[in-house]
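J.: next come a sequence and a model predicted from it.
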Amino acid sequence: MAGRPRTVGVLALQGDFREHLKVLRALGADARPVRRPQELAEIDGLVIPGGESTVMDKLSRAFGMAEPIKAAIAGGMPVYGTCAGLIMLANTVRDSIDGQQSFGGLDVVVRRNAFGTQLDSFETDLDVPVLGDEPVHAVFIRAPIVDEVGNAARSLAELDDGTVVAVEQGPLLGTSFHPEMTGDDRFHRYFLGKLG
């Protein structure tokens, strides 16, 4: 169906899903909250927002969402995870709590709360070549970092010390920071480009 707006779900079990919905709708996407497995069948791509990864994991299993999301990822659905969402997309999570699970899909190792507590939140400008020459202003709140980037994934942005904070792998995209909070919609535009 040519001209049909792309339908993007935002996992709305916990976290800052409303902010993502607002950005995606402003870009012309048909963006909708996703809370039930049957809603996954109605979308072309999924955003997993920031929040608390341990709570998101528990709720996704309690609501019967974990396995359908894993299947959607395995089936090639474009998925973008920010902050806790990046943790949920990682194949391996360091400093996780006992029993914590991720959806997986991204060939990366992430470390939870790598910068410390909420008091250690910070902002910085990042060079992100795939988004153009203008730096991206990034907001880090109890953010994870990417400790290892596997062969299947690639780094999109690093801090000055080389710490990887944005990655992609085919239809999957992950950022340690919160682009939905800054008014810069380039990461969301880049993700929408993965939907075809």
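T.: Okay, I see it.

J.: C-alpha only now, for contacts and for neighbours.
T.: Fine.

J.: which of the three states applies to the most centrally placed residue in the chain?
T.: Residue closest to the mean C-alpha point of the chain, counted by Cα atoms, centre = their mean, is residue 81 at 0.8 Å. Three-state call for residue 81 (DSSP: H, G, I helix; E, B strand; the rest coil): strand.

J.: check contacts around it.
T.: 47, 48, 49, 50, 87, 88, 89, 173, 174, 175 (Cα atoms under 8 Å, 6 or more residues apart in numbering).

J.: lowest pLDDT pick from those residues?
T.: Lowest pLDDT of the contacts of residue 81: residue 50, 91.

J.: that residue contacts residue 87, doesn't it?
T.: No: judged on Cα atoms under 8 Å, residue 50 makes no contact with residue 87 at a distance of 9.3 Å.

J.: of those two, who's got more company?
T.: A direct count of neighbours by other Cα atoms under 10 Å for residue 50 and residue 87 places residue 87 higher, at 37 against 28.

J.: measure the more buried one to residue 141 for me?
T.: Residue 87 sits 13 Å away from residue 141, taking Cα to Cα, to the nearest Å as the criterion.

J.: any chance you could map the helices in the protein?
T.: Taking DSSP state H as the criterion, the chain carries its helices at 17-26, 37-40, 53-62, 66-74, 84-89, 186-193.

J.: and the fifth one, what does it pack onto?
T.: It refers to helix 84-89. strand 45-48, helix 53-62, strand 79-82, strand 106-111, strand 172-175 (3 or more Cα pairs under 8 Å, 6 or more residues apart in numbering; DSSP states H and E).

J.: list the contacts of the last one.
T.: Read it as strand 172-175. By Cα under 8 Å, 6+ apart, the list of residues contacting strand 172-175 reads 78-83, 85-86, 89, 105-106, 165-168, 191.

J.: highest neighbour count among these?
T.: The most crowded member of the contacts of strand 172-175, judged by other Cα under 10 Å, is residue 86 (36 neighbours).

J.: with adjacent residues omitted, what lies nearest to it?
T.: residue 174 (4.9 Å; Cα to Cα, 6 or more residues apart in numbering).

J.: can you check residue 127 too?
T.: Among residues not flanking residue 127 along the chain, residue 135 sits closest, at 4.9 Å (Cα to Cα, 6+ apart).

J.: any stretches of this protein with poor pLDDT?
T.: The model of the chain has pLDDT under 70 over residues 1-5, 116-120.

J.: please repeat the previous calculation with a cut-off of 80.
T.: Across the chain, residues meeting the criterion (pLDDT under 80) sit at 1-5, 113-120, 196.

J.: quick one on the thing from earlier: just name the closest of the contacts of residue 81 to residue 99, please.
T.: Using Cα to Cα, residue 88 comes nearest to residue 99 of the contacts of residue 81, at 13.4 Å.

J.: so that closest one makes contact with residue 53?
T.: Yes: here residue 88 reaches residue 53: they are 6.6 Å apart, a contact under Cα under 8 Å.
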